[in-house]
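Asks: I'd like to go over a predicted model; first the sequence, then the structure.
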Amino acid sequence: MPNDNITRAIDKGVGGGDDTALEEILYEAYGPHGVGFLIETLTDNKNRTVSNIRAILTRANGSLANKGAVAYLFDKKGVIVCSGDSDLDTVMEVALEAGAEDIVEEEGGVIVVTCTMDSYELVRTQLESSDIKLEMAELSMVPQTTIQLTSEQSESILRLYDKLDNDDDVQNVYGNYVL
């Protein structure tokens, strides 16, 4: 075997090499029970990635979908989670003034603020400057409609989600389900 091939293989194995190009790919898929998934990946080998994702989906009675078949079910939005000790009235006042779309108090007292991508940074900074503790703030794919799952259906969807999420190339997995 030529010495150049060995050197390239070693460089690639340690993450080096001049020709290491990572590519972002969004896969759309259907899981069991009609659940739609968006799978964000970052890979240096899209053939390996699509093969791994297809195998995971097939074993879970799911399949890859055509481009656009699932993506229309989701909107890219800012999601900000305020801690449970935050005052709902204060969060509502600050967030709505900054351009938030929706504010919901969930179990455990946490407050979830949803906003457009354009207003995300302003809403986040206004909440932080008002001394409201944020547990999480990110841009996320939020489903327009959701599918309510039974406990049995939830188990199979969660197993599929975990297998997808554990793949090295997968960065984020979004689904339109409610457990």
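Replies: Cool, got the structure. Residues are numbered from 1 along each chain as shown.
Asks: switch to C-alpha atoms for all contacts and neighbour counts from now on
Replies: OK.
Asks: off-centre distance for stretch 47-60?
Replies: Here stretch 47-60 is found 18 Å from its chain centre; the criterion is C-alpha atoms, centre = their mean, to the nearest Å.
Asks: now that stretch: buried residues?
Replies: Residues Thr49, Val50, Asn52, Ile53, Arg54, Ile56, Leu57, Ala60 are the ones in stretch 47-60 that count as buried (16 or more other C-alpha atoms under 10 Å).
Asks: likewise for stretch 59-68?
Replies: Residues Ala60, Gly62, Ser63, Leu64, Ala65 are the ones in stretch 59-68 that count as buried (16+ other C-alpha under 10 Å).
Asks: pLDDT at the second one, what is it?
Replies: Note for Gly62: predicted pLDDT of 97.
Asks: correct me if wrong: it contacts Gly31.
Replies: Yes. With contact defined as C-alpha atoms under 8 Å, Gly62 and Gly31 form a contacting pair (4.1 Å).
Asks: nearest spatial neighbour of Asp61, skipping sequence neighbours?
Replies: Heads up, residue 61 is Asn, not Asp. Spatial nearest neighbour of Asn61, chain neighbours left out: Pro32 (5.7 Å); criterion: C-alpha to C-alpha, 6 or more residues apart in numbering.
Asks: which residues does that neighbour contact?
Replies: By C-alpha atoms under 8 Å, 6 or more residues apart in numbering, Pro32 lies in contact with Ala60, Asn61, Gly62, Ser156, Ile157.
Asks: quick one, phi/psi of it?
Replies: phi -60, psi 160 (degrees, to the nearest 10).
Asks: before we move on, what about Ser130?
Replies: Main-chain torsions, Ser130, degrees, to the nearest 10: phi -90, psi 10.
Asks: what about it, neighbour count?
Replies: Ser130: 11 surrounding residues under other C-alpha atoms under 10 Å.
Asks: and the helix or strand where Thr114 lies, average pLDDT?
Replies: Using DSSP states H and E, Thr114 sits in strand 111-116. In this model, strand 111-116 carries a mean pLDDT of 97.
Asks: helix or strand right after that strand?
Replies: Downstream of strand 111-116, the next assigned helix or strand under DSSP H and E is helix 117-129.
Asks: so which bits of the longest helix seen in the chain are buried?
Replies: Identified as the longest helix of the chain according to DSSP state H is helix 151-166. Residues of helix 151-166 classed as buried by neighbour count (16+ other C-alpha under 10 Å): Ser154, Ser156, Ile157, Leu160, Tyr161, Leu164, Asp165.
Asks: and for stretch 76-93?
Replies: For stretch 76-93, burial by neighbour count (16+ other C-alpha under 10 Å) applies to Lys77, Gly78, Val79, Ile80, Val81, Cys82, Ser83, Gly84, Ser86, Leu88, Val91, Met92.
Asks: quick check: bridge partners of the first one?
Replies: Beta-bridge partners recorded for Lys77 (DSSP bridges): Thr116, Ser140.
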